[in-house]
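Undergrad: Okay, sequence plus prediction incoming.
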Amino acid sequence: MRLIILCLSFLLVLIQYPLWLGKGGWFKVWELDRQVQQAHKKNDELKERNDKLASEVDDLKQSKGAVEERARFELGMIKQNEIFIQLLDGSSGKPATALNPNPYMPGSGQPNSVSVPAVAPAGRTAER
């Protein structure tokens, strides 16, 4: 009787091995499920980024204001009859560093700079 119980216990352990540790076992399934969840998360992030880029493309196609904003802040372009003023760092004489390194945010392309219309006081003309 003792030998039969021992053999059945051994067979039970032998049958359980592939279920837990085999090629299609529970541990492998859990690992694959975790990888699928990470892939879904990454896909969601990429979809959000693509939506933002598509929105930006549509804005650039539809609005001249967006193109003008890009030209001002990324390329440093100014309109006719405007004066470009750039603040320099007092010690080094270089342009002051931007607090916001994002090139798509106003002011980050030209740190601490502003373009103002060159409007002369009444009765005077603007000098360039």
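TA: That came through fine. Residues are numbered from 1 along each chain as shown.

Undergrad: just checking, what packs against the longest helix seen in the chain?
TA: Secondary structure of the chain per DSSP state H: the longest helix is helix 26-62. If you count contacts as 3 or more Cβ pairs under 8 Å, 6 or more residues apart in numbering; DSSP states H and E, helix 26-62 packs onto helix 2-21, helix 64-75. Heads up, the C-betas are built off the backbone N, CA and C, glycines and all.

Undergrad: and that helix, what's its mean pLDDT?
TA: Average pLDDT, helix 26-62: 94.

Undergrad: Go through it and flag the buried ones.
TA: For helix 26-62, a neighbour-count test (16 or more other Cβ atoms under 10 Å) marks nothing as buried.

Undergrad: Make residue 1 into 6 and carry on from there
TA: Okay, residue one is now 6; in that scheme the one you just asked about reads as helix 31-67.

Undergrad: coming back round to it: which stretch in the helices and strands packed on helix 31-67 is the model least sure about?
TA: Taking the mean pLDDT of the helices and strands packed on helix 31-67, helix 69-80 comes last: a mean of 83.

Undergrad: Which parts of the helix or strand following that one count as buried, going by neighbours?
TA: Per DSSP states H and E, the first helix or strand lying C-terminal to helix 69-80 is strand 87-91. Going by neighbour count (16+ other Cβ under 10 Å), the buried part of strand 87-91 is residue 87.

Undergrad: I'd like the distance from strand 87-91 to the chain centre, please.
TA: Put simply, strand 87-91 sits 31 Å off its chain's centre (Cα atoms, centre = their mean, to the nearest Å).

Undergrad: do the same with stretch 85-101
TA: For stretch 85-101, the distance to the chain centre is 29 Å (Cα atoms, centre = their mean).

Undergrad: buried stuff in it?
TA: Neighbour count says stretch 85-101 has residue 87 buried, by 16+ other Cβ under 10 Å.

Undergrad: Thank you kindly, that will do.
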